[in-house]
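Visitor: just need the structure, nothing else, for what follows:
(2 chains)
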Amino acid sequence: MIDNNEPVLETRSLSKRFSIGTRFSAEGRRTVHAVDNVSLTVRRGETVGLVGESGCGKSTLARCLVRLYDITDGELLFEGDDIASKSLSELRPLRRRLQMVFQDPSASLNPRRRVGDLVAEPLRIHTKLSSAEIKKRVAELFDLVGLLPDHVMRYPHEFSGGQRQRVGIARAIALNPDVVVLDEPVSALDVSVQAQIVNLLADLQEKLKLTYVFIAHDLSVVRQVSTRIAVMYLGSIVEEGPAEEVFTTPAHPYSQALISAVPIVETTPGGTRKRIILSGDVPSPLKPPAGCRFHPRCPIAVERCRTERPELKERQPGRKVACHFPTLA
Amino acid sequence: MILSVRDLRVSFRTEDGLVRAIDGVSFDLAEGEILGVVGESGSGKTVSLLAVMGLITDPNAIIEGSIRYKGRELVGLPARELRRLRGNEIAMIFQDPMTALTPVYTIGWQIAEQIRAHQNISKSKALERVEQLLAEVNFPNPHEAMSRYPHQLSGGMRQRAVIAMALSCNPALLVADEPTTALDVTVQAGILDLVRKLRSTHNSAVVFITHDMGVVSELADRVMVMYAGRVVERGSRSELFSDPQHPYTRALLGSIPPLTGEKPRRLPAIPGSPPSLLRLPQGCAFGPRCPVRYEPCVATKPDLGTATHAAACFRVAQA
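Guide: Numbers count the residues shown, from 1 in each chain, chains lettered A, B, ... in the order given. Next up is the predicted model:
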């Protein structure tokens, strides 16, 4: 069972802050708390889905996980080894085991290079394979992601969006990584193509024993791929638990509102779903509200929520909620 | 009928040949009705509505067919006449509110300008009306919002401002092109609510373009599914979602992962990708990806027919 697998990637009180402005700007130097005190465990073979609205810090967290960003505070453990403050040269051998797929394949692929070269690049940097071996490996990878062998000579613009994302995936899995962080991998694709990529990712996970961290704003896609879900709001995780449980009985008022807001195709007119419409906007991470960060928009907030910030605590086996009044069975 | 479109064809001359963006689209829209137009990128949903608005100014565009608004032919209407309708009787909302607003004027100024361009009222009266409108689209503090610049507002608030602008002259027809695609689901829910409210208070007809089947099923009275420049299926919401006929509609609905209930081990995906509009197949454009294609599909394009719930498919016609 996946629950008993050893953790492969783990964050402990991880924070990422950005400084913006200079001392000459109107408001002076300010700090954005993009990721605030996040503790998350990713076990081998599972898919952790990160969901939340834009600006909640999910992409920043993803980039911290593969150390594309320097981490401000806290620990990042890869197989128990803290890599949060490792130097770039110390990180290099780890890069091949921690890979990332980006949202926009046309932005992440160099338009002036043939896709065969793009997929071969990580092999050239990280392995000592001969060029014939690299060629063979690239052909293997193309086959694995469903591209044709003669596609290696093409340029990225000659592909459709879905095919380009296949190239991005081929490049990410070229070095047999342990963990792949996928940041909105299907959001830029047409609906009819999304399903192909979702299936491809599932097949690859099974074949190559991959561990995924999957970020998307489309909740139905996240549900399809994830074994566990973490819901983020304003830089922190507000709820975490097995995907099925979080989707059927969300415990945090924010998760409830988020899931209820997804428009779904209802074949029976009228429908039975109750929609919770949140008032207001996500507050600025420059000046997050005191107490529970969700309280200004929360339908059940009371005085205590305004002053005391709830901790992310395990309320039921496997289910963590950061709320003073979680809805749990 | 407030809007009748008949056999609309839009093509663009390009260096690589003629791109047939719209290839014979017809539809009607009644007062107070919400028509959902669904399709993927390149299916022609945006171009067909730009044609209706008279916003295709590309000299290489060829527009044929008929677009009647309240019985008046819009194709070939002089720009001045069109401008009198646009923004006044026909309003639009686009996907990206940032491009629909100018960054150098306040929200209040921009909406007031729109009102004064079409109505003969004083500036102070116009500003009063703006405040009302902003309140109507649920701005928490309308008076303060009027003095804000677009960059000071969040995406959801910007889109609300654009909607307020679209409503400023009580349009009889509102065209919304993916107005919620750039927004988060929780914000989207509020905007959809607003569109519904408008229809009931102003009795405006709405054409709502989206790629999201879920949004259509929540909002639309009638639905039109487009693929490669043609309408492949149309029907009322309940007809289309409980009894989809066209293989494309069915496949599209099937490929959306469910949010509740049992989750399939694999998603039933549609193979391939949408065809290039430069090299459309001679027969049915969906043919190459269709699981039930047979001989007739290769040579001729199936017609939609005239029924209220109709699918352009030989298999459906045969059954």
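Visitor: secondary structure class for the spatially most central residue of chain B?
Guide: Residue closest to the mean C-alpha point of chain B, counted by CA atoms, centre = their mean, is B:I209 at 2.6 Å. On the three-state scheme (DSSP: H, G, I helix; E, B strand; the rest coil), B:I209 is labelled strand.
Visitor: residues contacting it?
Guide: B:I209 is in contact with B:V37, B:K45, B:T46, B:L49, B:V175, B:A176, B:D177, B:E178, counting by CB atoms under 8 Å, 6 or more residues apart in numbering or on different chains. Quick note: C-beta positions are derived from backbone N, CA and C, even for glycine.
Visitor: look up phi and psi at the fourth one.
Guide: Going back to what we said before, that points to B:L49. phi -80, psi -30 (degrees, to the nearest 10).
Visitor: pretty sure it contacts B:D177?
Guide: Yes - counting by CB atoms under 8 Å, B:D177 is a contact partner of B:L49 at 6.1 Å.
Visitor: what residues does the stretch 201-319 of chain B put near chain A?
Guide: Within reach of chain A by CB under 8 Å from any CB of the partner chain, the stretch 201-319 of chain B has these residues: B:211-215, B:217-218, B:237-238, B:241-242, B:251-253, B:255-260, B:263-264, B:266-271, B:273-274, B:289.
Visitor: for the lengthiest helix in chain B, packing partners?
Guide: When chain B is parsed with DSSP state H, its longest helix is helix B:185-202. Counting contacts by 3 or more CB pairs under 8 Å, 6 or more residues apart in numbering or on different chains; DSSP states H and E, helix B:185-202 packs against helix A:253-260, strand B:34-38, helix B:155-167, strand B:173-177, strand B:205-210, helix B:213-219.
Visitor: off-centre distance for it?
Guide: 15 Å (CA atoms, centre = their mean, to the nearest Å).
Visitor: where do the helices sit along the stretch 51-200 of chain B?
Guide: Ranges of helices within the stretch 51-200 of chain B are B:79-85, B:97-100, B:107-118, B:123-136, B:142-145, B:155-167, B:185-202, based on DSSP state H, counting those that start in this stretch.
Visitor: poorly predicted segments of the stretch 101-250 of chain B, please.
Guide: By pLDDT under 70, the stretch 101-250 of chain B contains no weakly predicted segment.
Visitor: and the residue of it that's closest to chain A?
Guide: Closest contact between the stretch 101-250 of chain B and chain A, by CB to the nearest CB, is at B:G214 (3.4 Å).
Visitor: ok, that residue touching A:A261?
Guide: No - in this structure, B:G214 is not within contact of A:A261 by CB under 8 Å, at 10.5 Å.
Visitor: ok, which stretches of the stretch 201-329 of chain A are strands?
Guide: Using DSSP state E, counting those that start in this stretch, the strands of the stretch 201-329 of chain A run over A:211-215, A:228-233, A:236-242, A:313-316, A:319-321.
Visitor: by contact count, what packs against the last one?
Guide: Here strand A:319-321 is seen to pack against strand A:236-242, strand A:313-316 when contacts are counted using 3+ CB pairs under 8 Å, 6+ apart.
Visitor: ok, the first one: who's next to it in the sheet?
Guide: Sheet pairing here is set by DSSP bridges, and for strand A:236-242 it gives strand A:228-233 (antiparallel), strand A:319-321 (antiparallel).
Visitor: returning to what we had before: just name the most buried of the helices and strands packed on strand A:319-321.
Guide: strand A:236-242 (a mean of 25; mean count of other CB atoms under 10 Å in any protein chain shown).
Visitor: and the host helix or strand of B:V232, which residues are buried?
Guide: Assigned by DSSP states H and E, B:V232 belongs to strand B:230-236. Neighbour-count burial for strand B:230-236 flags B:R230, B:V231, B:V232, B:E233, B:R234, B:G235 (criterion: 16 or more other CB atoms under 10 Å in any protein chain shown).
Visitor: just curious, which of the residues you listed is nearest to A:D70?
Guide: The nearest member of the buried residues of strand B:230-236 to A:D70, counting by CB to CB, is B:V232 at 50.8 Å.
Visitor: quick one: contacts for the closest one?
Guide: For B:V232, the contact set (CB under 8 Å, 6+ apart) comprises B:V225, B:M226, B:H246, B:Y248, B:T249, B:F286, B:L304, B:A311, B:A312, B:C313.
Visitor: swap the cut-off to 7 Å and go again
Guide: By CB atoms under 7 Å, 6 or more residues apart in numbering or on different chains, the residues touching B:V232 are B:V225, B:M226, B:H246, B:Y248, B:T249, B:F286, B:A311, B:A312.
Visitor: who touches the helix-or-strand element of chain A with minimal mean pLDDT?
Guide: Across the helices and strands of chain A, mean pLDDT, DSSP states H and E gives its lowest value to helix A:105-108, namely a mean of 83. Residues outside helix A:105-108 that contact it (CB under 7 Å, 6+ apart): A:F102, A:P156, A:G161, A:R164, A:Q165, A:V167, A:G168.
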